[in-house]
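S.K.: I'd like to go over a predicted model; first the sequence, then the structure.
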Amino acid sequence: MALNVSALAPHVKENASNIITKSLLGLTSNKYVTMQMGIKSSENLNTIITSASLQAGACGWSPNGTTTLGKRNIVVADIMVQEALCQKTLENYLYQLIAKAGAMGGAEDFVIEDVFVAEKIKTAQVAMENLIWTGDIAGSSDFIDGFLTVATADVVTLGATNTFTRTASVLDDIDSLLALLPVGALVGEGLYCYMSVPNYMALMNEIRDKNWFNIQTGGTQALEFVYPGTNMKVVGMQGFGADNSIMIGNVKNFILGTDLANDFEDADFWYSNDNREHRFHMNFRLGTQIAIPAEVVIAV
């Protein structure tokens, strides 16, 4: 059984309806990347890079443009979350106040089902967030390589001019990364600067220290604001954990592969008569890929 009650004492008298849960953000990366649906195992992301060379108008035919077709393979892992719970484990504790009477009766009704299922899904989503950004198959035996692992590994495609070692200043590093980014990637919508929540907080401290009190955040949600003088949004990503990297690129380049989008929020929870226990099951497919690494810059 997976219920751990070591932090509880045998029941004396408590408020059984007041159940406190951990603060978890859940899945947020899907808002800041491009979702690719319907992937069962792997799929090629087809890319096209073409040039347009301007010429003086004249008679005749003088082609000089170049178009490069490429592909990046995205592999998704089939991942599940399971837990078995025996309600009898709770009967000596405060939950007896809301359990149905009878040793047999009410066994099918898990007294904290709504809270448990909601928290289990959110906890699984936080684990997904970590995989999406910092997953490392080779280094940590994770199911997938996250965006940071992909970006760091593709040094041949990225090139030495697209990456450098972090300094003590988040502001300086962001400005240096923007200077490295190809001009074509700087214009248009969808440019994001991704970093950890601690680095985001450090950035806010730097901004205050430099007396940028007139900065407009654009009324966006917490851990997101428009970087002054640019069309780029800076976001603090829970999935970075303690990773110190800062990465900039267009949302179209960060591909999050899955089979069905709501697999991330659907789960089964049922009572097994055969085993006399409640069971939780969640199953989803997950994978990441950077479509055009040459248009992504990273400081590690």
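M.R.: Ah, there it is. Given the structure is predicted, the values throughout are model-derived calculations rather than measurements.

S.K.: C-alpha only now, for contacts and for neighbours.
M.R.: Fine.

S.K.: Tell me which residues of the host helix or strand of Q125 come out buried.
M.R.: Using DSSP states H and E, the secondary-structure element containing Q125 is helix 113-134. By neighbour count on 16 or more other CA atoms under 10 Å, the buried set for helix 113-134 is 117, 119-126, 128-134.

S.K.: what does stretch 41-61 give?
M.R.: So, applying 16+ other CA under 10 Å, buried residues of stretch 41-61: S41, E43, L45.

S.K.: Just put those residues in JSON lines and tack on secondary structure, pLDDT and distance to S245.
M.R.: Rendered in JSON lines, the data for the buried residues of stretch 41-61 read as follows (DSSP: H, G, I helix; E, B strand; the rest coil; pLDDT from 0 to 100; distance: CA to CA, whole Å):
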{"residue": "S41", "secondary structure": "coil", "pLDDT": "88", "distance to S245": "29"}
{"residue": "E43", "secondary structure": "strand", "pLDDT": "87", "distance to S245": "28"}
{"residue": "L45", "secondary structure": "strand", "pLDDT": "76", "distance to S245": "25"}
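
S.K.: quick one: which of those is nearest F254?
M.R.: Using CA to CA, the shortest approach to F254 within these belongs to L45, at 11.2 Å.

S.K.: contacting residues for the residue nearest to F147 when sequence neighbours are not counted?
M.R.: Excluding its sequence neighbours, the residue lying closest to F147 (CA to CA, 6 or more residues apart in numbering) is W133, at 4.9 Å. Applying CA atoms under 8 Å, 6 or more residues apart in numbering, we find W133 in contact with D145, G146, F147, L148, T149, G239, F240.

S.K.: Pick out whichever of the residues you listed sits closest to A77.
M.R.: Comparing the contacts of W133 against A77 with CA to CA picks out D145 as the nearest, at 10.0 Å.

S.K.: For that closest one, give its distance to I132.
M.R.: Counting by CA to CA, to the nearest Å, the gap between D145 and I132 amounts to 7 Å.

S.K.: Now list whatever residues contact both of those two.
M.R.: Residues touching both D145 and I132 by CA under 8 Å, 6+ apart: G287, T288.

S.K.: Low-confidence ranges, the stretch 201-300 of the chain, go.
M.R.: Applying pLDDT under 70 to the stretch 201-300 of the chain flags residues 212-221.

S.K.: As a check, name the ranges of all strands in it.
M.R.: 224-226, 233-237, 246-250, 254-257, 268-272, 277-290, 297-299 (DSSP state E, counting those that start in this stretch).

S.K.: Could you save the ones you listed as JSON lines and add columns showing distance to A84 and mean neighbour count?
M.R.: As requested, these are arranged in JSON lines below (distance: least, CA to CA, whole Å; neighbours: other CA atoms under 10 Å):
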{"stretch": "strand 224-226", "distance to A84": "38", "mean neighbour count": "19"}
{"stretch": "strand 233-237", "distance to A84": "31", "mean neighbour count": "21"}
{"stretch": "strand 246-250", "distance to A84": "39", "mean neighbour count": "24"}
{"stretch": "strand 254-257", "distance to A84": "29", "mean neighbour count": "23"}
{"stretch": "strand 268-272", "distance to A84": "10", "mean neighbour count": "15"}
{"stretch": "strand 277-290", "distance to A84": "5", "mean neighbour count": "21"}
{"stretch": "strand 297-299", "distance to A84": "42", "mean neighbour count": "25"}
